[in-house]
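>>> Below is the structure, and that's it, no one-letter string:
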């Protein structure tokens with residue numbers, strides 16, 4: 001069985017995590033089983049009982065970490081697209097899930113507000129949403145992520161190629177697989 005691993009995409013809402021996750025799936029789909037753990041989707045099922053307090057966010061992340069750990073140890077490539085605003089929680093993910101690559105999907109707050117694909121910043125700025133990360137709840141930028149992609153400066157292909165390079169450099173993709181994904 002091939003070794004599973006986790007690509008943990010963290011960043012503000014609207015930074016590009018889901019877009020990058022979708023492109024990673026396209027590139028990696030022929031290599032083996034892949035599962036995407038998207039924060040919005042997980043909240044609809046596994047975490048529908050949770051709100052957005054710090055405690056609830058940590059519990060939501062803990063659930064994603066537990067599921068991701070099980071999948072990765074079974075040989076699955078797990079792509080986590082989760083704001084995961086707290087450093088402590090991301091460190092716990094790396095501790096729990098073998099072969100986790102933390103990717104900081106970086107975009108300035110102003111760019112995320114401008115993109116606002118779900119209209120959430122508009123609601124948060126109007127006071128309709130409380131505890132919104134980046135507005136009235138903190139986002140603790142990673143201090144030492146494995147990869148940084150700046151989505152206001154790089155297109156999705158450049159970002160994904162940067163991530164795939166790191167996965168390959170860590171010995172988690174064969175030379176042939178890597179070459180076929182970056183053509």
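Done, it's in. For clarity, every value in this text was computed on a predicted model and none was experimentally measured.
>>> Toward the C-terminus, what is the element adjacent to whatever helix or strand residue 162 lives in?
Assessed by DSSP states H and E, residue 162 sits inside helix 156-169. Sequence-wise, the next helix or strand downstream of helix 156-169 (DSSP H and E) is helix 175-181.
>>> So which other helices or strands are in contact with that following helix?
Other helices and strands packing on helix 175-181, by 3 or more C-beta pairs under 8 Å, 6 or more residues apart in numbering; DSSP states H and E, are helix 156-169. Every C-beta, even on glycine, is put in place using the N, C-alpha and C of the backbone.
>>> How about residues contacting the helix it packs on?
5, 7, 16, 19-20, 23-24, 27, 101, 103, 105, 146-147, 149, 151, 154, 173, 175, 178, 181-182 (C-beta atoms under 8 Å, 6 or more residues apart in numbering).
>>> hang on, the earlier thing: so for the helix holding residue 162, what's the average pLDDT?
The average pLDDT for helix 156-169 rounds to 95.
>>> One more: stretch 77-85?
The average pLDDT within stretch 77-85 is 95.
>>> Span of that stretch from start to end?
22 Å (C-alpha to C-alpha, to the nearest Å).
>>> Tell me if I am right that residue 62 is in a helix.
Yes - per DSSP: H, G, I helix; E, B strand; the rest coil, residue 62 lies within a helix segment.
>>> Please report how far it lies from residue 91.
13 Å (C-beta to C-beta, to the nearest Å).
>>> give me the element residue 59 is part of.
helix 54-73.
>>> Sheet-wise, list the partners of the following helix or strand past that helix with their directions.
Where DSSP H and E defines the elements, the next helix or strand beyond helix 54-73 is strand 77-81. Applying DSSP bridges, strand 77-81 is found paired with strand 5-10 (parallel), strand 34-38 (parallel).
>>> closest to residue 110 out of those strands?
Nearest to residue 110 among the strands paired with strand 77-81 is strand 5-10 (18.9 Å), distances taken as C-beta to C-beta.
>>> Please compute how far the closest one lies from its chain's middle.
Distance of strand 5-10 from the chain centroid (C-alpha atoms, centre = their mean, to the nearest Å) equals 5 Å.
>>> what angle do that strand and helix 156-169 make?
Per axes from the mean of the first three to the mean of the last three C-alpha atoms, to 10 degrees, the angle that strand 5-10 makes with helix 156-169 is 140 degrees.
>>> Buried subset of the contacts of helix 156-169, written for PyMOL?
To isolate the buried members of these in PyMOL, using 16 or more other C-beta atoms under 10 Å:
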select buried, resi 5+7+16+19+20+23+24+27+101+103+105+146+147+149+151+154+173+178+181
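>>> Okay, buried residues for the helix holding residue 59 please.
For helix 54-73, a neighbour-count test (16+ other C-beta under 10 Å) marks 57-61, 63-65, 67-69, 71-72 as buried.
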